[in-house]
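Colleague: what would the 3D arrangement of this be:
(4 chains)
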There are 2 protein chains.
Amino acid sequence: MSIAAFAEQAVTSADKTFLQLRVDIVEGAIPAGSKLSETELSTKYQVSRAVIREAINRLESCHLVERKANVGARIVSLTPEGLIQLYQVREALEGMAARLAAKNMSDEEIADLTALLDNHFQTVKGGESYYQEAGDLDFHYRIILGSKNQHLIEVLVNGIYHLIRMYRVQLGMAGPRVTTAFDEHKHVVQAIANRDEELAEMLMRRHILYSKNNIERKLLQS
Amino acid sequence: MSIAAFAEQAVTSADKTFLQLRVDIVEGAIPAGSKLSETELSTKYQVSRAVIREAINRLESCHLVERKANVGARIVSLTPEGLIQLYQVREALEGMAARLAAKNMSDEEIADLTALLDNHFQTVKGGESYYQEAGDLDFHYRIILGSKNQHLIEVLVNGIYHLIRMYRVQLGMAGPRVTTAFDEHKHVVQAIANRDEELAEMLMRRHILYSKNNIERKLLQS
DNA sequence: AACGCCTATATTGTCGACATAATTTCTAAT
DNA sequence: ATTAGAAATTATGTCGACAATATAGGCGTT
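Modeller: Residues are numbered from 1 along each chain as shown, chains lettered A, B, ... in the order given. Next up, the predicted model:
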(Lines give C-alpha, C1' and ligand atoms only; values in the text may rest on other atoms or scores of the structure.)
Protein backbone atom coordinates (compact mmCIF):
# COMPACT_ATOMS: atom_id res chain seq x y z
CA MET A 1 0.00 0.00 0.00
CA SER A 2 1.55 3.27 -1.06
CA ILE A 3 0.72 6.86 -0.42
CA ALA A 4 -1.23 6.96 -3.65
CA ALA A 5 -3.75 4.67 -2.03
CA PHE A 6 -4.91 7.59 0.11
CA ALA A 7 -5.31 9.99 -2.79
CA GLU A 8 -8.96 9.66 -3.70
CA GLN A 9 -8.86 10.31 -7.37
CA ALA A 10 -9.87 13.74 -8.54
CA VAL A 11 -13.16 13.73 -10.38
CA THR A 12 -14.05 17.38 -10.53
CA SER A 13 -12.02 20.23 -11.91
CA ALA A 14 -11.71 21.75 -8.46
CA ASP A 15 -10.26 18.46 -7.22
CA LYS A 16 -7.52 18.48 -9.83
CA THR A 17 -6.73 22.13 -9.26
CA PHE A 18 -6.58 21.54 -5.52
CA LEU A 19 -4.22 18.60 -5.88
CA GLN A 20 -2.03 20.47 -8.36
CA LEU A 21 -1.90 23.54 -6.16
CA ARG A 22 -1.06 21.43 -3.14
CA VAL A 23 1.88 19.86 -4.94
CA ASP A 24 3.07 23.25 -6.14
CA ILE A 25 2.87 24.64 -2.63
CA VAL A 26 4.38 21.69 -0.79
CA GLU A 27 7.21 21.31 -3.30
CA GLY A 28 7.90 25.02 -3.19
CA ALA A 29 7.01 25.91 -6.77
CA ILE A 30 4.93 28.63 -5.16
CA PRO A 31 7.10 29.98 -2.37
CA ALA A 32 5.94 29.94 1.24
CA GLY A 33 4.44 33.16 2.50
CA SER A 34 3.47 34.34 -0.96
CA LYS A 35 0.04 35.63 -1.85
CA LEU A 36 -2.39 33.56 -3.86
CA SER A 37 -4.13 35.81 -6.35
CA GLU A 38 -7.36 34.28 -7.56
CA THR A 39 -7.33 35.95 -10.96
CA GLU A 40 -3.68 35.12 -11.49
CA LEU A 41 -4.19 31.47 -10.60
CA SER A 42 -7.31 31.21 -12.71
CA THR A 43 -5.36 32.23 -15.81
CA LYS A 44 -2.39 30.10 -14.82
CA TYR A 45 -4.40 26.93 -14.34
CA GLN A 46 -6.98 27.72 -17.03
CA VAL A 47 -10.03 27.43 -14.82
CA SER A 48 -12.59 29.87 -13.53
CA ARG A 49 -12.17 31.81 -10.34
CA ALA A 50 -14.88 29.74 -8.67
CA VAL A 51 -12.75 26.64 -9.10
CA ILE A 52 -9.72 28.44 -7.73
CA ARG A 53 -11.70 29.66 -4.76
CA GLU A 54 -12.86 26.15 -3.97
CA ALA A 55 -9.31 24.84 -4.25
CA ILE A 56 -8.05 27.57 -1.95
CA ASN A 57 -10.77 26.73 0.54
CA ARG A 58 -9.56 23.16 0.66
CA LEU A 59 -5.98 24.25 0.98
CA GLU A 60 -7.06 26.31 3.94
CA SER A 61 -8.58 23.29 5.63
CA CYS A 62 -5.21 21.54 5.21
CA HIS A 63 -3.66 24.52 6.99
CA LEU A 64 -1.47 25.15 3.97
CA VAL A 65 -2.88 28.62 3.33
CA GLU A 66 -4.49 31.31 5.45
CA ARG A 67 -7.33 33.49 4.27
CA LYS A 68 -8.39 36.91 5.44
CA ALA A 69 -11.80 38.25 4.47
CA ASN A 70 -11.73 40.76 1.63
CA VAL A 71 -7.95 40.54 1.49
CA GLY A 72 -7.03 37.17 0.13
CA ALA A 73 -5.10 34.01 0.81
CA ARG A 74 -1.43 33.57 1.61
CA ILE A 75 0.57 30.41 1.81
CA VAL A 76 1.52 29.82 5.43
CA SER A 77 4.97 31.01 6.34
CA LEU A 78 7.40 28.51 7.74
CA THR A 79 8.86 29.19 11.13
CA PRO A 80 11.00 26.98 13.34
CA GLU A 81 8.38 27.23 16.09
CA GLY A 82 5.72 26.10 13.63
CA LEU A 83 7.66 22.96 12.82
CA ILE A 84 8.27 22.23 16.48
CA GLN A 85 4.57 22.65 17.24
CA LEU A 86 3.76 20.35 14.37
CA TYR A 87 5.97 17.67 15.83
CA GLN A 88 4.33 18.09 19.22
CA VAL A 89 0.95 17.37 17.67
CA ARG A 90 2.42 14.53 15.71
CA GLU A 91 3.90 13.01 18.85
CA ALA A 92 0.53 13.07 20.58
CA LEU A 93 -1.46 11.74 17.65
CA GLU A 94 0.93 9.11 16.37
CA GLY A 95 1.57 7.93 19.88
CA MET A 96 -2.15 7.32 20.21
CA ALA A 97 -2.18 5.77 16.75
CA ALA A 98 0.46 3.26 17.80
CA ARG A 99 -1.52 2.46 20.94
CA LEU A 100 -4.67 1.89 18.94
CA ALA A 101 -2.79 -0.04 16.27
CA ALA A 102 -1.56 -2.44 18.93
CA LYS A 103 -5.19 -3.01 19.81
CA ASN A 104 -6.86 -2.91 16.42
CA MET A 105 -4.48 -4.12 13.73
CA SER A 106 -5.22 -7.57 12.41
CA ASP A 107 -2.58 -10.28 12.69
CA GLU A 108 -2.21 -10.16 8.94
CA GLU A 109 -1.62 -6.42 8.91
CA ILE A 110 1.01 -6.84 11.58
CA ALA A 111 2.68 -9.59 9.59
CA ASP A 112 2.73 -7.33 6.54
CA LEU A 113 4.19 -4.52 8.58
CA THR A 114 6.93 -6.80 9.89
CA ALA A 115 7.68 -7.95 6.37
CA LEU A 116 7.86 -4.37 5.20
CA LEU A 117 10.39 -3.57 7.87
CA ASP A 118 12.52 -6.59 7.00
CA ASN A 119 12.39 -5.58 3.38
CA HIS A 120 13.30 -2.04 4.25
CA PHE A 121 16.19 -3.28 6.37
CA GLN A 122 17.58 -5.32 3.50
CA THR A 123 17.60 -2.43 1.07
CA VAL A 124 19.25 -0.06 3.48
CA LYS A 125 21.82 -2.63 4.55
CA GLY A 126 22.77 -2.73 0.90
CA GLY A 127 23.55 0.96 1.05
CA GLU A 128 20.57 2.04 -1.01
CA SER A 129 19.57 4.80 1.33
CA TYR A 130 17.68 6.76 -1.29
CA TYR A 131 14.69 4.65 -0.44
CA GLN A 132 14.61 5.83 3.11
CA GLU A 133 11.92 8.46 2.98
CA ALA A 134 9.34 6.33 1.20
CA GLY A 135 10.06 3.52 3.62
CA ASP A 136 9.68 5.80 6.61
CA LEU A 137 6.40 7.10 5.27
CA ASP A 138 5.10 3.61 4.63
CA PHE A 139 5.88 2.62 8.18
CA HIS A 140 4.11 5.60 9.70
CA TYR A 141 1.14 5.44 7.37
CA ARG A 142 0.50 1.79 8.09
CA ILE A 143 0.40 2.37 11.80
CA ILE A 144 -1.81 5.42 11.41
CA LEU A 145 -4.22 3.42 9.29
CA GLY A 146 -3.87 0.52 11.67
CA SER A 147 -5.35 2.63 14.42
CA LYS A 148 -8.67 2.35 12.57
CA ASN A 149 -9.53 5.75 13.99
CA GLN A 150 -11.06 7.88 11.25
CA HIS A 151 -10.39 11.24 12.90
CA LEU A 152 -6.79 10.37 13.64
CA ILE A 153 -6.26 9.24 10.06
CA GLU A 154 -7.88 12.34 8.62
CA VAL A 155 -5.92 14.86 10.65
CA LEU A 156 -2.58 13.15 10.12
CA VAL A 157 -2.81 12.02 6.50
CA ASN A 158 -4.68 14.97 5.02
CA GLY A 159 -3.33 17.65 7.28
CA ILE A 160 -0.14 17.29 9.20
CA TYR A 161 1.84 15.11 6.85
CA HIS A 162 1.58 17.51 3.92
CA LEU A 163 2.66 20.35 6.15
CA ILE A 164 5.62 18.39 7.43
CA ARG A 165 6.62 17.49 3.92
CA MET A 166 6.41 21.16 3.00
CA TYR A 167 8.81 21.98 5.80
CA ARG A 168 11.13 19.16 4.82
CA VAL A 169 11.30 20.22 1.20
CA GLN A 170 11.58 23.92 1.70
CA LEU A 171 13.94 23.93 4.65
CA GLY A 172 16.10 21.56 2.64
CA MET A 173 16.02 18.70 5.10
CA ALA A 174 16.87 15.43 3.47
CA GLY A 175 14.46 12.73 4.62
CA PRO A 176 14.33 11.37 8.12
CA ARG A 177 17.31 10.12 10.12
CA VAL A 178 18.61 6.94 8.61
CA THR A 179 20.87 5.34 11.12
CA THR A 180 18.94 4.90 14.32
CA ALA A 181 15.41 5.12 12.99
CA PHE A 182 15.37 1.45 11.96
CA ASP A 183 15.79 0.11 15.43
CA GLU A 184 13.14 2.47 16.68
CA HIS A 185 10.74 1.32 13.99
CA LYS A 186 11.52 -2.29 14.76
CA HIS A 187 10.84 -1.88 18.45
CA VAL A 188 7.54 -0.17 17.78
CA VAL A 189 6.46 -3.01 15.55
CA GLN A 190 7.52 -5.55 18.14
CA ALA A 191 5.41 -3.81 20.75
CA ILE A 192 2.46 -3.79 18.38
CA ALA A 193 2.99 -7.47 17.60
CA ASN A 194 2.97 -8.15 21.34
CA ARG A 195 -0.25 -6.15 21.61
CA ASP A 196 1.48 -3.99 24.21
CA GLU A 197 -0.47 -0.76 23.76
CA GLU A 198 1.35 1.14 26.46
CA LEU A 199 4.80 0.35 25.14
CA ALA A 200 3.81 0.91 21.51
CA GLU A 201 2.64 4.41 22.33
CA MET A 202 5.68 5.21 24.41
CA LEU A 203 8.12 3.98 21.77
CA MET A 204 6.36 5.84 18.97
CA ARG A 205 6.39 9.03 21.01
CA ARG A 206 10.08 8.62 21.69
CA HIS A 207 10.73 7.96 18.02
CA ILE A 208 9.03 11.19 17.03
CA LEU A 209 10.59 13.09 19.89
CA TYR A 210 14.02 12.06 18.67
CA SER A 211 13.13 13.26 15.19
CA LYS A 212 12.05 16.56 16.69
CA ASN A 213 15.28 16.92 18.62
CA ASN A 214 17.22 16.07 15.49
CA ILE A 215 15.38 18.75 13.56
CA GLU A 216 15.83 21.31 16.29
CA ARG A 217 19.55 20.70 16.13
CA LYS A 218 19.58 21.22 12.38
CA LEU A 219 17.53 24.38 12.72
CA LEU A 220 19.93 25.84 15.24
CA GLN A 221 22.86 25.12 12.92
CA SER A 222 21.51 27.30 10.16
CA MET B 1 -12.52 34.79 28.69
CA SER B 2 -15.58 33.03 27.35
CA ILE B 3 -16.17 30.82 24.39
CA ALA B 4 -17.26 33.85 22.40
CA ALA B 5 -13.68 35.02 22.49
CA PHE B 6 -12.78 32.31 20.02
CA ALA B 7 -15.52 33.16 17.59
CA GLU B 8 -13.83 35.45 15.11
CA GLN B 9 -16.65 37.68 14.09
CA ALA B 10 -18.25 36.99 10.78
CA VAL B 11 -17.54 39.70 8.22
CA THR B 12 -18.67 38.13 4.99
CA SER B 13 -22.02 36.64 4.14
CA ALA B 14 -20.48 33.21 3.81
CA ASP B 15 -19.09 33.57 7.33
CA LYS B 16 -22.50 34.25 8.80
CA THR B 17 -24.13 31.46 6.84
CA PHE B 18 -21.40 29.07 7.93
CA LEU B 19 -21.81 29.98 11.59
CA GLN B 20 -25.59 29.75 11.37
CA LEU B 21 -25.44 26.41 9.63
CA ARG B 22 -22.97 25.12 12.17
CA VAL B 23 -25.31 26.04 15.01
CA ASP B 24 -28.25 24.47 13.24
CA ILE B 25 -26.31 21.28 12.68
CA VAL B 26 -24.70 21.01 16.10
CA GLU B 27 -27.93 21.83 17.92
CA GLY B 28 -29.81 19.35 15.78
CA ALA B 29 -32.14 21.75 13.96
CA ILE B 30 -30.93 19.95 10.86
CA PRO B 31 -30.87 16.28 11.83
CA ALA B 32 -27.69 14.23 11.63
CA GLY B 33 -27.29 12.18 8.50
CA SER B 34 -29.61 14.37 6.45
CA LYS B 35 -28.73 15.73 3.05
CA LEU B 36 -27.80 19.34 2.54
CA SER B 37 -29.43 20.56 -0.66
CA GLU B 38 -27.69 23.65 -1.97
CA THR B 39 -30.74 25.09 -3.68
CA GLU B 40 -32.92 24.41 -0.68
CA LEU B 41 -30.49 26.04 1.72
CA SER B 42 -29.99 29.02 -0.56
CA THR B 43 -33.70 29.81 -0.45
CA LYS B 44 -33.91 29.08 3.27
CA TYR B 45 -31.03 31.38 4.22
CA GLN B 46 -31.68 33.92 1.49
CA VAL B 47 -28.25 33.80 -0.07
CA SER B 48 -26.87 32.61 -3.37
CA ARG B 49 -25.74 29.07 -3.95
CA ALA B 50 -22.12 30.20 -4.09
CA VAL B 51 -22.36 31.35 -0.49
CA ILE B 52 -23.98 28.07 0.53
CA ARG B 53 -21.27 26.13 -1.23
CA GLU B 54 -18.56 28.03 0.57
CA ALA B 55 -20.32 27.47 3.90
CA ILE B 56 -20.62 23.76 3.19
CA ASN B 57 -16.95 23.61 2.30
CA ARG B 58 -16.06 25.03 5.68
CA LEU B 59 -18.43 22.66 7.42
CA GLU B 60 -16.62 19.87 5.68
CA SER B 61 -13.28 21.02 7.03
CA CYS B 62 -14.84 20.88 10.52
CA HIS B 63 -15.78 17.28 9.75
CA LEU B 64 -19.42 18.14 10.35
CA VAL B 65 -20.49 17.23 6.82
CA GLU B 66 -19.20 14.91 4.12
CA ARG B 67 -19.28 15.70 0.44
CA LYS B 68 -19.31 13.41 -2.55
CA ALA B 69 -18.53 14.77 -5.96
CA ASN B 70 -21.57 15.33 -8.17
CA VAL B 71 -23.83 13.98 -5.47
CA GLY B 72 -23.88 16.44 -2.60
CA ALA B 73 -23.21 16.93 1.06
CA ARG B 74 -24.62 15.05 4.03
CA ILE B 75 -24.33 15.82 7.69
CA VAL B 76 -22.15 13.20 9.32
CA SER B 77 -24.07 10.44 11.00
CA LEU B 78 -23.47 9.84 14.67
CA THR B 79 -22.28 6.44 15.74
CA PRO B 80 -21.12 5.24 19.14
CA GLU B 81 -17.77 4.25 17.61
CA GLY B 82 -17.40 7.75 16.19
CA LEU B 83 -17.79 9.29 19.61
CA ILE B 84 -15.34 6.88 21.15
CA GLN B 85 -12.80 7.65 18.42
CA LEU B 86 -13.32 11.33 19.02
CA TYR B 87 -12.49 10.90 22.67
CA GLN B 88 -9.37 8.95 21.80
CA VAL B 89 -8.13 11.86 19.72
CA ARG B 90 -9.17 14.25 22.43
CA GLU B 91 -7.25 12.28 25.04
CA ALA B 92 -4.09 12.44 22.96
CA LEU B 93 -4.37 16.11 22.04
CA GLU B 94 -5.57 17.51 25.34
CA GLY B 95 -3.02 15.43 27.18
CA MET B 96 -0.35 17.11 25.10
CA ALA B 97 -2.07 20.44 25.62
CA ALA B 98 -1.85 20.04 29.40
CA ARG B 99 1.81 19.11 29.09
CA LEU B 100 2.55 22.17 27.00
CA ALA B 101 0.40 24.37 29.22
CA ALA B 102 2.51 23.34 32.19
CA LYS B 103 5.50 24.58 30.24
CA ASN B 104 4.11 27.62 28.47
CA MET B 105 1.34 29.22 30.53
CA SER B 106 2.31 32.43 32.25
CA ASP B 107 2.10 32.66 36.04
CA GLU B 108 -0.75 35.08 35.59
CA GLU B 109 -2.68 32.73 33.35
CA ILE B 110 -2.22 29.97 35.89
CA ALA B 111 -3.44 32.25 38.67
CA ASP B 112 -6.50 33.09 36.60
CA LEU B 113 -7.14 29.43 35.98
CA THR B 114 -6.89 28.66 39.67
CA ALA B 115 -9.28 31.50 40.43
CA LEU B 116 -11.71 30.20 37.85
CA LEU B 117 -11.68 26.81 39.46
CA ASP B 118 -12.28 28.26 42.93
CA ASN B 119 -15.12 30.27 41.52
CA HIS B 120 -16.53 27.26 39.81
CA PHE B 121 -16.25 25.27 42.99
CA GLN B 122 -18.20 27.88 44.95
CA THR B 123 -21.09 27.95 42.50
CA VAL B 124 -21.38 24.21 42.36
CA LYS B 125 -21.08 23.86 46.12
CA GLY B 126 -24.16 26.09 46.26
CA GLY B 127 -26.05 23.53 44.20
CA GLU B 128 -26.16 25.59 41.04
CA SER B 129 -25.10 22.78 38.83
CA TYR B 130 -26.63 24.26 35.72
CA TYR B 131 -23.40 26.17 35.26
CA GLN B 132 -21.38 23.00 34.95
CA GLU B 133 -20.99 22.72 31.22
CA ALA B 134 -19.81 26.28 30.67
CA GLY B 135 -17.38 25.86 33.53
CA ASP B 136 -16.04 22.63 32.16
CA LEU B 137 -15.58 24.20 28.74
CA ASP B 138 -13.79 27.20 30.22
CA PHE B 139 -11.39 24.92 32.02
CA HIS B 140 -10.54 22.89 28.96
CA TYR B 141 -10.35 25.87 26.63
CA ARG B 142 -7.93 27.73 28.87
CA ILE B 143 -5.57 24.81 28.99
CA ILE B 144 -5.81 24.27 25.27
CA LEU B 145 -5.02 27.93 24.66
CA GLY B 146 -2.36 27.76 27.35
CA SER B 147 -0.49 25.22 25.27
CA LYS B 148 0.32 28.08 22.89
CA ASN B 149 0.37 25.50 20.11
CA GLN B 150 -1.49 26.85 17.12
CA HIS B 151 -2.15 23.49 15.47
CA LEU B 152 -3.42 21.96 18.69
CA ILE B 153 -5.72 24.90 19.28
CA GLU B 154 -7.05 24.82 15.75
CA VAL B 155 -7.87 21.13 15.66
CA LEU B 156 -9.50 21.09 19.07
CA VAL B 157 -11.37 24.38 19.11
CA ASN B 158 -12.52 24.54 15.51
CA GLY B 159 -12.87 20.84 14.91
CA ILE B 160 -13.30 18.35 17.67
CA TYR B 161 -15.18 20.41 20.21
CA HIS B 162 -18.03 21.24 17.85
CA LEU B 163 -18.33 17.59 16.95
CA ILE B 164 -18.38 16.54 20.58
CA ARG B 165 -21.01 19.13 21.34
CA MET B 166 -23.05 17.77 18.44
CA TYR B 167 -22.89 14.31 19.96
CA ARG B 168 -23.76 15.64 23.40
CA VAL B 169 -26.79 17.53 22.18
CA GLN B 170 -28.17 14.94 19.84
CA LEU B 171 -27.55 11.87 21.93
CA GLY B 172 -29.18 13.76 24.78
CA MET B 173 -26.26 13.66 27.14
CA ALA B 174 -26.50 16.32 29.79
CA GLY B 175 -23.14 18.04 30.20
CA PRO B 176 -20.09 16.41 31.69
CA ARG B 177 -19.95 14.47 34.95
CA VAL B 178 -20.40 16.83 37.85
CA THR B 179 -19.36 15.02 40.95
CA THR B 180 -15.83 13.80 40.44
CA ALA B 181 -14.75 16.11 37.63
CA PHE B 182 -13.90 18.96 40.00
CA ASP B 183 -11.21 17.11 41.81
CA GLU B 184 -9.75 15.97 38.52
CA HIS B 185 -9.71 19.54 37.23
CA LYS B 186 -8.12 20.73 40.45
CA HIS B 187 -5.36 18.18 40.28
CA VAL B 188 -4.59 19.05 36.68
CA VAL B 189 -4.30 22.71 37.59
CA GLN B 190 -2.07 21.88 40.52
CA ALA B 191 0.24 19.92 38.28
CA ILE B 192 0.34 22.83 35.84
CA ALA B 193 1.04 25.26 38.66
CA ASN B 194 3.90 23.02 39.75
CA ARG B 195 5.16 23.02 36.16
CA ASP B 196 5.01 19.24 36.23
CA GLU B 197 4.51 18.51 32.55
CA GLU B 198 4.49 14.76 32.89
CA LEU B 199 1.86 14.71 35.61
CA ALA B 200 -0.27 17.36 33.97
CA GLU B 201 -0.49 15.27 30.82
CA MET B 202 -1.20 12.07 32.69
CA LEU B 203 -3.93 13.61 34.81
CA MET B 204 -5.59 15.26 31.84
CA ARG B 205 -5.55 12.00 29.93
CA ARG B 206 -7.10 10.19 32.88
CA HIS B 207 -9.72 12.89 33.18
CA ILE B 208 -10.75 12.48 29.57
CA LEU B 209 -10.50 8.70 29.75
CA TYR B 210 -12.94 8.71 32.67
CA SER B 211 -15.30 10.85 30.62
CA LYS B 212 -15.01 8.38 27.80
CA ASN B 213 -15.76 5.45 30.07
CA ASN B 214 -18.70 7.33 31.51
CA ILE B 215 -20.06 7.93 28.04
CA GLU B 216 -19.52 4.35 26.97
CA ARG B 217 -21.58 3.26 29.95
CA LYS B 218 -24.39 5.60 28.99
CA LEU B 219 -24.27 4.43 25.39
CA LEU B 220 -24.59 0.81 26.42
CA GLN B 221 -27.59 1.62 28.58
CA SER B 222 -29.61 2.97 25.68
C1' DA C 1 8.55 67.71 3.76
C1' DA C 2 5.11 65.18 6.22
C1' DC C 3 0.55 64.07 7.07
C1' DG C 4 -4.27 63.32 5.99
C1' DC C 5 -7.82 62.87 2.64
C1' DC C 6 -9.77 61.60 -1.62
C1' DT C 7 -9.85 59.34 -5.88
C1' DA C 8 -8.54 55.40 -8.83
C1' DT C 9 -7.43 50.78 -9.22
C1' DA C 10 -7.33 46.07 -8.27
C1' DT C 11 -8.93 42.20 -5.64
C1' DT C 12 -12.26 39.61 -3.30
C1' DG C 13 -17.28 38.52 -2.46
C1' DT C 14 -21.74 37.55 -4.47
C1' DC C 15 -24.96 36.52 -7.90
C1' DG C 16 -27.66 34.30 -11.75
C1' DA C 17 -27.16 31.41 -15.75
C1' DC C 18 -25.42 27.58 -18.21
C1' DA C 19 -23.03 22.81 -18.49
C1' DT C 20 -22.72 18.42 -16.77
C1' DA C 21 -23.48 14.52 -14.04
C1' DA C 22 -26.74 11.68 -11.14
C1' DT C 23 -31.31 10.25 -10.17
C1' DT C 24 -35.94 9.29 -11.20
C1' DT C 25 -39.59 8.09 -14.19
C1' DC C 26 -41.55 6.33 -18.06
C1' DT C 27 -41.60 3.08 -21.80
C1' DA C 28 -41.01 -1.17 -23.99
C1' DA C 29 -39.56 -5.79 -24.43
C1' DT C 30 -39.04 -10.36 -22.49
C1' DA D 1 -44.97 -8.61 -13.84
C1' DT D 2 -40.29 -7.68 -13.96
C1' DT D 3 -36.40 -5.69 -15.83
C1' DA D 4 -33.55 -3.03 -19.03
C1' DG D 5 -33.02 1.13 -21.35
C1' DA D 6 -33.97 5.78 -22.55
C1' DA D 7 -35.95 10.29 -21.67
C1' DA D 8 -36.91 13.75 -18.28
C1' DT D 9 -35.83 15.88 -14.18
C1' DT D 10 -33.18 17.46 -10.53
C1' DA D 11 -28.91 18.43 -8.41
C1' DT D 12 -24.13 19.77 -8.46
C1' DG D 13 -20.14 21.90 -11.06
C1' DT D 14 -18.47 25.78 -13.66
C1' DC D 15 -18.51 30.17 -15.65
C1' DG D 16 -18.62 35.30 -16.53
C1' DA D 17 -20.38 39.63 -14.73
C1' DC D 18 -21.47 42.81 -11.16
C1' DA D 19 -20.97 44.66 -6.24
C1' DA D 20 -18.35 45.70 -2.28
C1' DT D 21 -14.22 46.11 0.02
C1' DA D 22 -9.26 47.02 0.50
C1' DT D 23 -5.04 48.94 -1.39
C1' DA D 24 -2.25 52.33 -3.89
C1' DG D 25 -1.42 56.70 -5.68
C1' DG D 26 -2.13 61.53 -6.18
C1' DC D 27 -3.60 65.88 -4.36
C1' DG D 28 -3.90 69.48 -1.18
C1' DT D 29 -3.01 71.32 3.35
C1' DT D 30 -0.25 72.40 7.38
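
Colleague: per-residue confidence at the residue nearest to the spatial centre of chain A?
Modeller: Centroid-nearest residue in chain A: A:Tyr161, 1.8 Å away (criterion: Cα atoms, centre = their mean). pLDDT for A:Tyr161: 95.

Colleague: contacting residues around A:Ala191?
Modeller: The neighbourhood of A:Ala191, defined by Cβ atoms under 8 Å, 6 or more residues apart in numbering or on different chains, consists of A:Ala98, A:Ala102, A:Leu199, A:Ala200, A:Leu203. C-beta: built from backbone N, CA, C; applies to glycine.

Colleague: ok, of those, which one's closest to chain B?
Modeller: Chain B lies nearest to A:Ala98 out of the contacts of A:Ala191, by Cβ to the nearest Cβ, at 10.6 Å.

Colleague: and the closest one, how many neighbours?
Modeller: A count of nearby residues for A:Ala98, using other Cβ atoms under 10 Å in any protein chain shown, gives 28.

Colleague: for it, which non-adjacent residue is spatially closest?
Modeller: A:Met204 (3.7 Å; Cβ to Cβ, 6 or more residues apart in numbering or on different chains).

Colleague: tell me how far the lowest-mean-pLDDT helix or strand in chain A lies from the chain's centre.
Modeller: Taking mean pLDDT, DSSP states H and E as the measure, the helix or strand of chain A with the lowest value is helix A:107-125, at a mean of 87. Helix A:107-125 sits 20 Å away from the centroid of its parent chain (Cα atoms, centre = their mean, to the nearest Å).

Colleague: for it, buried residues please.
Modeller: Buried positions in helix A:107-125, judged by neighbour count with 16 or more other Cβ atoms under 10 Å in any protein chain shown: A:Glu109, A:Ile110, A:Leu113, A:Leu116, A:Leu117, A:His120, A:Val124.

Colleague: what's the next secondary structure element after it?
Modeller: Next along the chain after helix A:107-125, taking DSSP states H and E as the criterion, comes helix A:132-146.

Colleague: so for that following helix, what gets flagged as buried?
Modeller: For helix A:132-146, the buried set under the neighbour-count rule, 16+ other Cβ under 10 Å, comprises A:132, A:135-146.

Colleague: just want the residue of chain A that's nearest chain B.
Modeller: Closest to chain B within chain A is A:Ser61: 3.1 Å, counting by Cβ to the nearest Cβ.

Colleague: which residue lies farthest from the center of chain A?
Modeller: Distance from the centre of chain A peaks at A:Asn70, with 31.1 Å (Cα atoms, centre = their mean).

Colleague: so it touches B:Val11, yeah?
Modeller: Yes: at 7.0 Å, A:Asn70 and B:Val11 qualify as touching, with contact defined as Cβ atoms under 8 Å.

Colleague: can you give me the strands for chain A?
Modeller: Secondary structure of chain A by DSSP state E: the strands cover A:35-36, A:65-68, A:72-75.

Colleague: buried deepest among those, which one?
Modeller: Greatest average neighbour count among the strands of chain A goes to strand A:72-75 (a mean of 18), per mean count of other Cβ atoms under 10 Å in any protein chain shown.

Colleague: per-residue confidence averaged over that one?
Modeller: Averaging pLDDT along strand A:72-75 gives 96.

Colleague: of the buried residues of helix A:107-125, which ones also sit close to DNA strand D?
Modeller: When Cβ under 7 Å from any atom of the strand is applied, no member of those is adjacent to DNA strand D.

Colleague: could you find the closest non-adjacent residue to the residue of chain A found nearest DNA strand D?
Modeller: DNA strand D sits closest to A:Ser13 of chain A, with a gap of 2.6 Å, by Cβ to the nearest atom of the strand. Excluding the flanking residues, the one nearest A:Ser13 by Cβ to Cβ, 6+ apart is A:Val51, at 5.3 Å.

Colleague: so what's A:Arg74 up against?
Modeller: Contacts for A:Arg74 (Cβ under 8 Å, 6+ apart) come out as A:Gly33, A:Ser34, A:Lys35, A:Leu36, A:Val65, A:Glu66.

Colleague: about what we covered before: state the phi and psi torsions of the residue farthest from the centre of chain A.
Modeller: phi 60, psi 10 (degrees, to the nearest 10).

Colleague: pLDDT below threshold where in chain A?
Modeller: A:1-8, A:124-132, A:174-179, A:222 (pLDDT under 70).

Colleague: again, 80 this time
Modeller: Residues of chain A meeting the criterion pLDDT under 80: A:1-8, A:120-134, A:173-181, A:221-222.

Colleague: close to DNA strand D: what parts of it are there?
Modeller: By the rule Cβ under 7 Å from any atom of the strand, the part of chain A lying against DNA strand D is A:Thr12, A:Ser13, A:Ala14, A:Val47, A:Ser48, A:Arg49, A:Ala50, A:Val51, A:Glu54, A:Asn70, A:Val71.

Colleague: circling back: and the gap between the residue farthest from the centre of chain A and B:Arg99?
Modeller: Distance from A:Asn70 to B:Arg99, counting by Cβ to Cβ, to the nearest Å: 38 Å.

Colleague: check A:Glu27 too.
Modeller: A:Glu27 sits 33 Å away from B:Arg99, going by Cβ to Cβ.

Colleague: who has more neighbours, the two?
Modeller: Between A:Glu27 and B:Arg99, counted using other Cβ under 10 Å, B:Arg99 has the larger neighbour count: 26 against 12.

Colleague: what's the closest non-adjacent residue to that one?
Modeller: Distances taken as Cβ to Cβ, 6+ apart place B:Glu201 nearest to B:Arg99, at 3.9 Å, with adjacent residues excluded.

Colleague: contacting residues for the one you found?
Modeller: B:Gly95, B:Met96, B:Ala98, B:Arg99, B:Ala102.

Colleague: start and end of stretch A:39-58, how far apart?
Modeller: Terminal residues of stretch A:39-58 lie 17 Å apart, using Cα to Cα, to the nearest Å.

Colleague: so which bits of that stretch are buried?
Modeller: In stretch A:39-58, counting by 16+ other Cβ under 10 Å, buried: A:Leu41, A:Ser42, A:Tyr45, A:Val47, A:Val51, A:Ile52, A:Arg53, A:Glu54, A:Ala55, A:Ile56, A:Asn57, A:Arg58.

Colleague: next: stretch A:196-215.
Modeller: For stretch A:196-215, burial by neighbour count (16+ other Cβ under 10 Å) applies to A:197, A:199-205, A:207-208, A:211-212, A:215.

Colleague: any chance of those residues in a markdown table, plus distance to A:Leu86?
Modeller: Output for those, formatted as a markdown table (distance: Cβ to Cβ, whole Å):
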| residue | distance to A:Leu86 |
| --- | --- |
| A:Glu197 | 25 |
| A:Leu199 | 25 |
| A:Ala200 | 22 |
| A:Glu201 | 19 |
| A:Met202 | 21 |
| A:Leu203 | 20 |
| A:Met204 | 16 |
| A:Arg205 | 15 |
| A:His207 | 15 |
| A:Ile208 | 11 |
| A:Ser211 | 11 |
| A:Lys212 | 9 |
| A:Ile215 | 10 |
